[in-house]
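Colleague: coords below, sequence missing:
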């Protein structure tokens, strides 16, 4: 019987359920060295709470849009500050959000490079339009 403070010995299936990840993904992360190998070998191998925490951390970062390369850097102790955007290469494709404020005033954003989520882009657009409206209102007074 496990007590709350005792480490759990988890099977791969139990680990996958706790981390809400497919077996294939967990094995891939282990293969890449992002997650520790199981304790023991063959069918007697097991996983612990440490493995669960490693997977949950990786899942959180992948959900936030970090690449596995960046996750590896963070796990190896890299500075967690947002690195400068990588230079754009010829042939790369970017999706831009384009806001026409008025004739001659436009705002163009590449949300991925700007580090903005869709809801943040919408909030920015609303704020820009409101600020422009305030400027026009002041000019009319």
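Modeller: Looks like it came in fine. Small disclaimer: the values here were computed from a predicted structure and weren't measured.
Colleague: C-terminal to the helix-or-strand element of the chain with minimal mean pLDDT, what's the next element?
Modeller: Lowest mean confidence among the helices and strands of the chain (mean pLDDT, DSSP states H and E): helix 111-114, at a mean of 78. Using DSSP states H and E, the helix or strand that directly follows helix 111-114 along the chain is helix 118-140.
Colleague: So for that next one, what gets flagged as buried?
Modeller: The neighbour-count criterion (16 or more other CB atoms under 10 Å) identifies 121, 124 as the buried residues of helix 118-140. C-beta coordinates here come from the backbone N, C-alpha and C atoms, glycine included.
Colleague: what about stretch 34-48, average pLDDT?
Modeller: The average pLDDT for stretch 34-48 rounds to 89.
Colleague: how long is it from one end to the other?
Modeller: 15 Å (CA to CA, to the nearest Å).
Colleague: Run through who's touching that stretch.
Modeller: With contact meaning CB atoms under 8 Å, 6 or more residues apart in numbering, stretch 34-48 is reached by 7-12, 14-15, 26, 29-30, 50-51, 54-55, 58, 68, 71-72, 75.
Colleague: Now do it: distance to the chain's middle.
Modeller: Relative to the chain's own centre, stretch 34-48 is displaced by 26 Å; criterion: CA atoms, centre = their mean, to the nearest Å.
Colleague: next one: stretch 64-82
Modeller: Centroid displacement of stretch 64-82 relative to its chain, using CA atoms, centre = their mean, is 9 Å.
Colleague: Would you mind measuring from the residue located most distally from the centre of the chain to residue 135?
Modeller: Here the chain reaches farthest from its C-alpha mean at residue 141, the gap being 46.5 Å by CA atoms, centre = their mean. From residue 141 over to residue 135 the distance is 11 Å, taken as CB to CB, to the nearest Å.
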